[in-house]
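**Student:** pasting a predicted model and its sequence here:
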Amino acid sequence: MRLVRRLLLAALALAVLASAALALWLPRYVASPAFDARLRRAISSAIGREVAWGGLSVGLIPPRLIASKARVGAPEAPALEAERIELRLALLPLLARAVVVDSLALDGLSLHLVRSPAGIEWGGAAEATPAPAAAATPPRDGEPKHAGSGVSLAVRSVRVASSSVELTDRTVAPPATLGLTEVAATVRGTGPDAPLDLELAAHVAAGGELRGEGRLEPGGPLDVTLTLDGVGLAPFAPWLGASLHLGGSASGQLRARGPWRAPEQLDADLRVGDADVRVGEVGVKGPIAARAALLHAQGTFSIDATGAELVYGGAFHKPPGAPATAEGRLAAQPDGKIGVDAVKLSIKNMGGEGRLAPGSAVQLALDDPAWLEGDLEGLLARPERPLAGARGRVAFATGRGRFPGVSPLRLAFESLGRIRAAAEVVASSERKLEPFEGDRFDALGGSFRVGDGLARTDDFALRYPGYALGLRGSIGLDDERLAMVGTLSLSESLLAALGADAKGGRALPLARIGGTVSDPKVEVEEEAAVAFAATLALGAKRGKLERKLDRQLGEGSGKQILDALGGLLQRSQPKERP
């Protein structure tokens with residue numbers, strides 16, 4: 001036992017002496033110019049960038065190197081700066097005058113990333129060619145003459161604290177910038193070629209918090225999920241177009257997969273509680289939910305804005321609570337932005353008081369809720385006129401409303417004015433016609449095929465008190481020019497106000513509806529106008545003619561003859577042209 005105690009005491013004494021020797025030798029070795037140069041060369045070779053620091057110090061338990069005021073990159077434009085960098089070292093390799101890094105801690109890090117067409121780079125410069133390996137440099141006098149730098153950078157984990165990261169994207173114009181502050185992150189791996197597990201927490205410069213987790217394969221793809229909590233949206237507007245105003249804050253998740261320099265798959269599931277979005281004349285305010293999936297810059301999206309307020313210029317307004325959804329395709333544009341390639345939309349219970357379309361001179365007011373559905377491509381190609389470059393279909397309908405100051409019936413009767421008899425009857429019935437010549441309609445709706453700057457329809461219908469219009473043709477989306485034909489259907493009550501007897505009503509073919517939406521021109525078919533004028537003239541003098549015929553041919557004869565004549569006049573109207 002005494003021998004064992006002596007051996008243990010001897011071993012302990014040797015350990016103390018070795019520790020003391022190491023404590024004396026290691027700081028001197030680390031502070032030597034030789035070690036400083038070898039470490040700089042090793043790190044520069046590993047990352048392909050110039051490195052520098054203000055000073056190096058050493059700790060013993062555990063063994064570690066501490067660099068202060070460190071930077072990566074050129075002094076005038078560093079890609080990375082850090083107040084303090086600590087490398088924890090494996091002990092045994094130090095005895096062989098080699099350095100193996102177990103972990104890396106960075107405090108006060110300031111990192112600037114730049115996205116270019118080539119991908120994401122540090123500080124915006126293309127990655128430099130790695131420096132030659134230290135083994136290729138002849139050792140200086142006094143240095144050990146063995147191959148290699150004697151420095152290994154097999155880092156098992158990285159920790160970041162109290163740091164900031166800035167990303168500038170030069171693939172959009174103007175360049176867009178996103179910033180993170182108070183960044184805390186860890187990266188862990190079990191070996192040099194093992195996957196790295198990532199964890200991240202940060203404050204977003206535009207407001208809100210960000211958390212992330214995922215995995216990165218060394219030299220391979222990443223799979224990272226970011227969780228957003230009240231993140232401000234304004235900095236993201238440049239990716240979506242210069243005409244876009246983007247406000248509010250988002251919560252939800254983003255997932256990126258693929259090469260870390262340029263992830264090829266992106267998925268988003270976000271909720272925006274206080275959205276304030278405007279694209280040209282289209283505006284959304286309030287809560288919305290959005291989903292999107294992109295693969296190789298192509299993808300799909302869906303939006304639910306039921307809880308939000310939706311406006312389109314002064315044309316219509318959807319109040320909060322009215323159903324509104326949109327879904328469609330996304331595609332990368334030549335300028336690097338993500339654009340809307342196609343959209344299916346459905347909006348219920350709209351109301352409105354304003355212009356038929358932004359920039360239009362004709363007014364529209366809706367008393368009853370309306371709905372709109374569409375399936376369009378190229379929407380918002382011209383944000384100031386969202387439908388001008390669109391292709392697809394749109395359908396809509398509404399209840400009561402008005403085109404202030406516009407009466408289609410008055411326009412049609414003005415077309416009849418060239419026939420004296422008809423003009424006289426209309427003029428004599430002016431007071432009786434007042435209830436029918438207002439600007440209020442009972443219903444409006446139709447479906448349109450949109451393309452080549454035109455909206456074409458076969459079923460555009462307007463129903464007014466006492467009459468209705470059924471139209472087909474086109475409306476110019478840019479100049480609002482009308483090129484339509486159709487039918488003006490007059491009710492029995494309207495015909496009675498004109499003194500005409502036409503049970504079941506009367507349909508007048510319309511030869512042309514031209515002009516513009518703000519200044520329409522209505523023209524009744526020539527033959528139909530003449531026949532209708534005869535009907536009006538007959539109706540205006542019917543009582544007097546009946547009495548004359550009764551006196552000449554017997555009681556009741558006048559009614560029979562005039563009824564037959566009226567039937568002939570009605571049947572003489574030409575059918576509506578196809």
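**Tutor:** Right, received. Where do you want to start?
**Student:** now do the contacts for residue 446.
**Tutor:** Counting by Cβ atoms under 8 Å, 6 or more residues apart in numbering, residue 446 makes contact with 395-397, 457, 459-461, 471. Yep, even glycine has a C-beta here, placed from its N, CA and C like the rest.
**Student:** buried ones only from those residues, please, as a ChimeraX command.
**Tutor:** Here is the ChimeraX selection string for the buried members of the contacts of residue 446, based on 16 or more other Cβ atoms under 10 Å:
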select :395,396,457,460,471
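**Student:** residue 37 sits in which helix or strand?
**Tutor:** Assigned by DSSP states H and E, residue 37 belongs to helix 33-47.
**Student:** which strands or helices does that helix pack on?
**Tutor:** strand 51-52, strand 151-152 (3 or more Cβ pairs under 8 Å, 6 or more residues apart in numbering; DSSP states H and E).
**Student:** next helix or strand past the last one?
**Tutor:** What it means is strand 151-152. strand 157-169.
**Student:** give me the contact list for that next one.
**Tutor:** 82, 102-115, 120, 124, 175-189, 202, 238-239, 336.
**Student:** just the buried members of those?
**Tutor:** 82, 102-106, 108-115, 120, 176, 178-180, 183, 185-187, 189, 202, 238, 336.
**Student:** for the helices and strands packed on helix 33-47, which has the smallest mean pLDDT value?
**Tutor:** Mean pLDDT per stretch puts strand 151-152 lowest among the helices and strands packed on helix 33-47, at a mean of 52.
**Student:** if we can go back for a sec, among the contacts of strand 157-169, name the ones in strands.
**Tutor:** Counting by DSSP state E, the contacts of strand 157-169 place 82, 102-107, 110-115, 120, 176-188, 202 in strands.
**Student:** same for the strand of greatest length in the chain, what does it pack against?
**Tutor:** Taking DSSP E as the criterion, the chain has its longest strand at strand 338-355. Applying 3+ Cβ pairs under 8 Å, 6+ apart, we find strand 338-355 packed against strand 316-318, strand 324-332, strand 363-377.
**Student:** could you give the mean pLDDT of the very next helix or strand once past the last one?
**Tutor:** Okay, so that is strand 363-377. Sequence-wise, the next helix or strand downstream of strand 363-377 (DSSP H and E) is strand 391-398. Averaged across strand 391-398, pLDDT comes to 90.
**Student:** adjacent strands (with direction) for strand 391-398?
**Tutor:** strand 363-377 (antiparallel), strand 443-451 (antiparallel) (DSSP bridges).
**Student:** phi and psi next, for residue 493.
**Tutor:** phi -70, psi -40 (degrees, to the nearest 10).
**Student:** isn't it right next to residue 500, touching?
**Tutor:** No: Residue 493 is beyond contact range of residue 500, at 11.2 Å (criterion: Cβ atoms under 8 Å).
**Student:** tell me which of the two has more neighbours.
**Tutor:** Set side by side, residue 493 and residue 500 show more neighbours around residue 500, with 24 against 13, by other Cβ atoms under 10 Å.
**Student:** three-state assignment of that one?
**Tutor:** coil (DSSP: H, G, I helix; E, B strand; the rest coil).
**Student:** where does pLDDT dip in the stretch 151-300 of the chain?
**Tutor:** Within the stretch 151-300 of the chain, the ranges that satisfy pLDDT under 70 run 151-155, 190-193, 218-219, 240-243, 261, 280.
**Student:** can you give me the strands for it?
**Tutor:** Ranges of strands within the stretch 151-300 of the chain are 151-152, 157-169, 176-188, 196-204, 209-216, 221-232, 244-247, 249-259, 265-279, 282-295, 298-304, based on DSSP state E, counting those that start in this stretch.
**Student:** can I get those in CSV with distance to residue 322?
**Tutor:** Output for the strands of the stretch 151-300 of the chain, formatted as CSV (distance: least, Cβ to Cβ, whole Å):
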stretch, distance to residue 322
strand 151-152, 65
strand 157-169, 37
strand 176-188, 34
strand 196-204, 32
strand 209-216, 33
strand 221-232, 26
strand 244-247, 22
strand 249-259, 23
strand 265-279, 16
strand 282-295, 11
strand 298-304, 12
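**Student:** between these, which one is nearest to residue 522?
**Tutor:** Checking the strands of the stretch 151-300 of the chain against residue 522 by Cβ to Cβ gives strand 282-295 as the closest, at 31.8 Å.
**Student:** give the pairing partners of the closest one; include direction for each.
**Tutor:** strand 265-279 (antiparallel), strand 298-304 (antiparallel), strand 309-312 (antiparallel).
**Student:** single out the most deeply packed of these.
**Tutor:** The highest average neighbour count among the strands paired with strand 282-295, using mean count of other Cβ atoms under 10 Å, belongs to strand 309-312 at a mean of 20.
**Student:** show me which residues of stretch 478-498 are buried.
**Tutor:** 480, 482, 484-491, 494-495, 497-498.
**Student:** OK, contacts around the closest residue to residue 207 other than its chain neighbours?
**Tutor:** What sits nearest to residue 207 in space, not counting adjacent residues and going by Cβ to Cβ, 6 or more residues apart in numbering, is residue 232, at 3.8 Å. Contact analysis of residue 232 by Cβ under 8 Å, 6+ apart lists 204, 206-208, 248-249.
**Student:** can you list these in TSV and add neighbour count and distance to residue 53?
**Tutor:** What follows is the contacts of residue 232, written out as TSV (neighbours: other Cβ atoms under 10 Å; distance: Cβ to Cβ, whole Å):
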residue	neighbour count	distance to residue 53
204	20	30
206	16	33
207	13	35
208	17	34
248	20	43
249	20	39
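**Student:** quick one: the helices in the stretch 451-578 of the chain, in order.
**Tutor:** Applying DSSP state H, counting those that start in this stretch to the stretch 451-578 of the chain gives helices spanning 492-497, 526-540, 542-553, 557-571.
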